[in-house]
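>>> sharing a model prediction with you, sequence too.
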Amino acid sequence: MIGLLQNLVDAASLGSLYALAALGVGLLFGILRLVNFAHGDFISIGAYALIVPSFEVTAQLFIGTWSWWLMIPTITLIVVIVALISDALVFRPLRRASAPTLMIASFAVSYVIQTGILLVYGARPKAANLWAGLDTPLMVGDVRVPLLQVITIVATLVLMAALTLFLKRTRYGTMMRAAAEDFRMAQYLGVRGDFVIGLAFAISGVLATAVSLLYLSQTGTLSPTMGVPLALFAFVATVIGGMGSLLGAVVGGFVVGVVVIMLQAYLPADLRAFRDAFAFTFVILILLVRPSGIIRTRALVERV
Amino acid sequence: MTDVLHDLPPGVEQPQAAELTAEGIVVRFQGLTAISDVSLECKRHQVFGLIGPNGAGKTTLVNCLTGFQRPTSGRVRLGGEDTTGWTPDRFRKNGVARTFQAGRLFRDMTVAENVEVTALGLGMSRRAAHRHAMAMLAWVGLGDRADTIAGTLPYTDERRVGIARAMVLSPAFVLLDEPAAGMSDAECDDLMHIIAAIPKEFTCGVLLIEHNMSVIMGVCDRIHVLDGGRTIAEGLPAEIRADAVVISAYLGMEG
């Protein structure tokens, strides 16, 4: 029983990270029909921005040594700027392109960022110790909950609540929801398309930053491709959640988190190396039962 | 009627254009002529009917008049100004609004938000946009459905939301594409009251595409008849009703 509770806390924490990453992917998909595989590299940028550029194996924190109230906004700003630049240079010229073209362009952005990181920081993975104090466990009954997991879950809930409030209660949030449903119609009614898309990129940058910091402080390792599996799981989460639904992205993120952790915990030791294969098999099963995802939307209906 | 209905954001004035004119409009799609040399003039204080059998080119013409379709040749003028090259949103900002046959509501948003987002897009503050949207909805008789998710509305109510959305910020002209389709007689009566009131309430000209002859004859000041992309008649409702060409092309088929 204790073991199960422990696993559930782990699942909620990992699911939070996937849910945050999936929200960033889902937001851009909703508004632009872009499946942004470069989202994982936005996450890498946020992590690498913390350290001194060098080829050393042990990363030396630079911005990472600042107080959190200065460090978090600075890193956020850097990631948001990268997201906005990739929109301006790559995705804006492709506004009328098809969804597959956009996706392929996002792979290009992803490789450019990875290569950029490689040139500045080298190819080898680095160890970095961000927020070392946060892995002290809290004992809740007999369940050991690392403080960092609590922070991850709380930060995720706060960001999701903030995003919901933004979308439901503000001027630009209303416009963004309209644009996500019918971009051309929203534009006709006076919503400025490029502005709303830029805003979506900026928000996905903020979400990516949160994942960067939380993920790095959990794993303690940096590598140029660190964001790739996150983007992949985020994409899978948006698909099983229901493409185009933000609630679906969150639900999908948590489902993937639970599946991965439970497989890790309960698979026979010999099969544990194939955890992800089992996870993706489970995803296929979900899609066989609900081909349009857990939360259905009209986002995939072809627009006239 | 409250004044909120006529609210405009600061710095915006109601457009002044007195007429919306099509001059010798021709539209060809890959060699197929959808509209050949159609001219008409919609005036600010009129309800102008546009009728014709299916495929006559009515919606294509409305698309030309609102920037959704570029004419192969010919011009659209708004108050004398040449609109060549204008985008649909430029037409909307300059006071030419429209509705769509398919409704085109934001189906996951509430009815009020559907109207509000137009007011926001055209420059109103959130608070003003909400007041304006509620007044519009009350005016089309949907005040009690403001919080309904638009996708769950009956088909006929969707059309009224579309009209409310089109009338946001008092346009100079509104083009209604078959608003009565599928409506019962009672709903048609309500709709006719709404349409007939637009020129007086908003000093806004109406161009009405409709198949329902009792709606057309009931509210139009002038009627233009298209068949096969060509003008076959234009005149007062009584003249159109008596026109032999129109009867054989169109009205006769109504039985």
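Thanks, I have it.
>>> make sure B:Leu20 is indeed in a strand.
Yes. Counting by DSSP: H, G, I helix; E, B strand; the rest coil, B:Leu20 is found in a strand.
>>> residues touching A:Trp131, list them.
A:Trp131 makes contact with A:Trp68, A:Leu148, A:Leu213, A:Ser217, according to C-beta atoms under 8 Å, 6 or more residues apart in numbering or on different chains. For glycine as for every other residue, the C-beta is placed from the backbone atoms N, C-alpha and C.
>>> tell me the one of these nearest B:Glu239?
Distance to B:Glu239 across those (C-beta to C-beta) is lowest for A:Leu213, with 74.9 Å.
>>> burial measure for the closest residue to A:Phe62 other than its chain neighbours, as a count.
The shortest distance from A:Phe62 to any non-neighbouring residue, by C-beta to C-beta, 6 or more residues apart in numbering or on different chains, is to A:Val52 (4.5 Å). Here the count is done by other C-beta atoms under 10 Å in any protein chain shown, and A:Val52 has 13 residues near it.
>>> relative to A:Ile63, how far out is A:Val52?
9 Å (C-beta to C-beta, to the nearest Å).
>>> A:Ile261 contacts A:Asn7, correct?
Yes. Counting by C-beta atoms under 8 Å, A:Ile261 does reach A:Asn7; the two are 5.7 Å apart.
>>> and the strands in the chain?
No chain was given, so I picked chain A. A:126-127, A:137-140, A:143-146, A:221-222 (DSSP state E).
>>> please go with chain B instead
Counting by DSSP E, the strands of chain B are B:19-29, B:32-43, B:47-51, B:73-78, B:81-82, B:96-98, B:173-177, B:205-209, B:222-227, B:230-235.
>>> quick one, what contacts the residue nearest to A:Phe62?
Contact analysis of A:Val52 by C-beta under 8 Å, 6+ apart lists A:Ala59, A:Gln60, A:Leu61, A:Phe62.
>>> B:Pro9 too?
So, once contact is read as C-beta under 8 Å, 6+ apart, B:Pro9 ends up touching B:Ala119, B:Leu122, B:Gly123, B:Met124, B:Ser125, B:Ala128, B:Leu169.
>>> okay, helices next: where are they in chain A?
Remark: helices assigned in chain A by DSSP state H are A:2-32, A:39-48, A:68-86, A:99-121, A:147-169, A:171-181, A:183-188, A:193-219, A:227-241, A:246-266, A:275-289.
>>> neighbours around residue 187, how many?
Using chain A here. 20.
>>> nope, chain B
B:Glu187: 16 neighbours (other C-beta under 10 Å).
>>> not counting its neighbours along the chain, what's nearest it?
B:Thr156 (5.3 Å).
>>> name the residue of chain B with the shortest distance to chain A.
B:Gly121 (2.7 Å; C-beta to the nearest C-beta).
>>> how close does that residue get to B:Gly67?
Distance from B:Gly121 to B:Gly67, counting by C-beta to C-beta: 16 Å.
>>> does B:Val219 really touch B:Ala196, like I thought?
Yes. Judged on C-beta under 8 Å, B:Val219 makes contact with B:Ala196 at a distance of 4.8 Å.
>>> joint contacts of the two?
B:Val47.
>>> without its sequence neighbours, what residue ends up closest to A:Met160?
According to C-beta to C-beta, 6+ apart, the nearest residue to A:Met160 is A:Val250 (6.3 Å).
>>> that should have said A:Thr101, apologies.
Nearest non-adjacent residue to A:Thr101, counting by C-beta to C-beta, 6+ apart: A:Leu94, 6.3 Å away.
>>> give me the pLDDT for the one you found.
As predicted, A:Leu94 sits at a pLDDT of 94.
>>> what about stretch A:59-71, how long is it end to end?
17 Å (C-alpha to C-alpha, to the nearest Å).
>>> what's the burial count for A:Leu213?
So A:Leu213, with other C-beta under 10 Å, has 24 neighbours.
>>> that one contacts A:Leu130, doesn't it?
Yes. Contact criterion C-beta under 8 Å: A:Leu213 and A:Leu130 qualify, at 6.9 Å.
>>> any shared contact partners between those two?
Joint contacts of A:Leu213 and A:Leu130 (C-beta under 8 Å, 6+ apart) are A:Leu50.
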